[in-house]
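Asks: no FASTA, just this:
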């Protein structure tokens, strides 16, 4: 009893200075009314602390928020409270808040009623979240205060990170109302970060520019870092993982530095215009990776100090890189600098607050987060400008390519014109000597020739006529491409045309051991009006192919006609029992230099232009060509040509 009396008498001078408040108080800041004792060893017990307090070892705090920065010491806080209820009431419930979530250990000591103190409550992110008395992201302790009875409390705190002590006493209802405003601010900040993350993700998927991928990773890392620092990570994401609650902060700072530097290198092209800045950014990237590894494998305190060092240099170097890029003419660096200035200023304010150079208040606490939200919003201008610049560059490239392509097309057209003109000239020049050769060979038939010479004459005549046919085909091709062929309608005898075709191609068929049948409709008009030369040339191509690709059997030329509107429709069909083929669904059968089987070129010969010339000549006269064929069953080509009856 004697010792207790002495202890109480020693406390009377200090208790006389207890802070008074009433039931009308909503929030009571305790920064200026608390006393602080630093315990460098961290081993002091509550009994030793009470004795040191009685000896006057506590120091009155002169700041709104105690900011000890990084310290390995434990800190004891003493607060004297004097609740004055008007009118007098029973005991009242209050909440003691320490609004700095990253602290590791907090122990609240309350009077035990026997002249001593007991450990009443514990908090801190080193403990599972469910062990907190009040489930909030900030550290809250419930106090039951009796009116008109001053009460002294002790709060011990220890942390491997920065020590900030924004201590206040709240009426519970007022606290919950106040927190709703903080929730709105955080919702806006994280909403902006989330929107920008998906926005840049969509841009990356569209343009496949790696700058956006690095920026997405940076936003994700920095956003999760803010969630960790605000205590929302402990509350919602990893409530039962105290180890990660500590390690996440330096790990995510290292990740943000790593991806942020890589984003700046890619976006600002530092390797091209500022090699020394690029090398500095690469060093910071390496430091970020080392910080991530250290945070997972080594001391949290060391990793946190490395992360703080990285953050300071990261902010400075990125800012310098943006200025240098802007001064060297990069248009996107202008928006980049404006956007990053908002973040860098906020980040510097928050970092200086953590280091103890600025007071702990709402603006310094949330400066980094507000700055980052502004940064990602403003950086969208830089990204949009980058896209516009890419579009402009692409448009310029397309315009230049278009001009070059147009010039090449003109050159190609001129080259084709010269080629066609050359072929036409050559074929015209070839026709004269070929006519002479063929005429001479025909005159030789009037002479008496020995059997061997007669055979040579027949071979030479056949070869000359084949050569003449090739010359005529090439001439027709060049004239069709040049658009010089015109339809010349004149009366002709369809029976005479059929007889001429029979005489020419019947002999060829007989030489190959094939039959050649001519089927003429008896009701055919005697005289028709049309371009008989082009019709004969078109049917010649079909008959030539029919004989060429028929090994056994025969070829049939069927000619008929019928009245149509207007005029008369001539229907000519060439049927063979040859090899046949699978008819393609498109018009590839009638393309230049195209055969369905490349091996046919070697087996049967030919240029592969007969069917194409046939179709174009018939189309020039207003007619159509159709085909039916089956492998091994032969082919059937039908020509429908509108003509007039004379």
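Replies: Nice, thanks for sending it over. In this text the structure is predicted, and so the values were computed from the model without any measurement.

Asks: going by C-alpha atoms from here, please, whenever you check contacts or count neighbours.
Replies: Will do.

Asks: distance from the centroid: which residue in the chain tops it?
Replies: Summary for the chain: using C-alpha atoms, centre = their mean, the residue whose C-alpha lies farthest from the chain's mean C-alpha position is residue 448, with a distance of 85.9 Å.

Asks: is that residue in a helix, a strand, or coil?
Replies: At residue 448, secondary structure determined by DSSP: H, G, I helix; E, B strand; the rest coil is coil.

Asks: gap between it and residue 454?
Replies: When distance is defined by C-alpha to C-alpha, to the nearest Å, residue 448 is 9 Å away from residue 454.

Asks: what of residue 58?
Replies: In this view, residue 58 and residue 454 are 137 Å apart by C-alpha to C-alpha.

Asks: so between those two, which is more surrounded?
Replies: Each of residue 58 and residue 454 has its neighbours counted (other C-alpha atoms under 10 Å); residue 58 has more, 19 against 15.

Asks: quick one, what contacts residue 117?
Replies: Counting by C-alpha atoms under 8 Å, 6 or more residues apart in numbering, residue 117 touches 46, 47, 109, 110, 111.

Asks: of these, grab the buried ones for PyMOL.
Replies: This is the PyMOL syntax for the buried subset of the contacts of residue 117, where burial follows 16 or more other C-alpha atoms under 10 Å:
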select buried, resi 46+109+110
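
Asks: just give me the closest of the contacts of residue 117 to residue 645.
Replies: Sorting these by distance to residue 645 puts residue 109 at the head of the list, at 122.5 Å, by C-alpha to C-alpha.

Asks: give me the nearest residue to that closest one, chain neighbours excluded.
Replies: With C-alpha to C-alpha, 6 or more residues apart in numbering as the measure, residue 119 is the residue that lies nearest to residue 109, at 4.6 Å, once sequence neighbours are left out.

Asks: just the contacts of residue 117: which are in helices?
Replies: Secondary structure assignment (DSSP state H) places 46, 47 from the contacts of residue 117 within helices.

Asks: how long is stretch 159-170 from one end to the other?
Replies: For stretch 159-170, the first-to-last residue distance is 24 Å (C-alpha to C-alpha).

Asks: list the contacts of that stretch.
Replies: With contact meaning C-alpha under 8 Å, 6+ apart, stretch 159-170 is reached by 25-31, 64-72, 74, 94-100, 102-105, 300-301, 304, 354-355, 360-361.

Asks: is residue 569 in a bridge, and if so with what?
Replies: Here residue 569 sits in beta bridges with residue 562, residue 642, as judged by DSSP bridges.

Asks: so it touches residue 562, yeah?
Replies: Yes. With contact taken as C-alpha atoms under 8 Å, residue 569 and residue 562 are classed as touching, separated by 5.5 Å.

Asks: list residues touching both of these two?
Replies: A shared contact of residue 569 and residue 562, defined by C-alpha under 8 Å, 6+ apart, is any residue touching both; here there are none.

Asks: all strands of the stretch 151-300 of the chain, in order?
Replies: All strands of the stretch 151-300 of the chain, identified by DSSP state E, counting those that start in this stretch, fall at 151-158, 162-165, 167-170.

Asks: what's the most buried one of those strands?
Replies: strand 162-165 (a mean of 24; mean count of other C-alpha atoms under 10 Å).

Asks: and that strand, how far out from the chain middle?
Replies: Relative to the chain's own centre, strand 162-165 is displaced by 43 Å; criterion: C-alpha atoms, centre = their mean, to the nearest Å.

Asks: got it, and stretch 136-145?
Replies: Between the centre of stretch 136-145 and the centre of its host chain there is 48 Å, according to C-alpha atoms, centre = their mean.

Asks: what are the contacting residues of it?
Replies: Taking contacts as C-alpha under 8 Å, 6+ apart, the residues outside stretch 136-145 that touch it are 83, 91-101, 108, 121, 123-124, 133-134, 151, 230-232, 234-235.

Asks: also stretch 32-41?
Replies: Applying C-alpha under 8 Å, 6+ apart, the contact partners of stretch 32-41 are 18-19, 57-64, 72-80.

Asks: what do you get for stretch 205-213?
Replies: Outside stretch 205-213, the residues that touch it by C-alpha under 8 Å, 6+ apart are 200, 201, 203, 204, 263, 266, 267.

Asks: count the residues that sit near the third one.
Replies: Going back to what we said before, that points to residue 203. Other residues near residue 203 come to 17 when the count uses other C-alpha under 10 Å.
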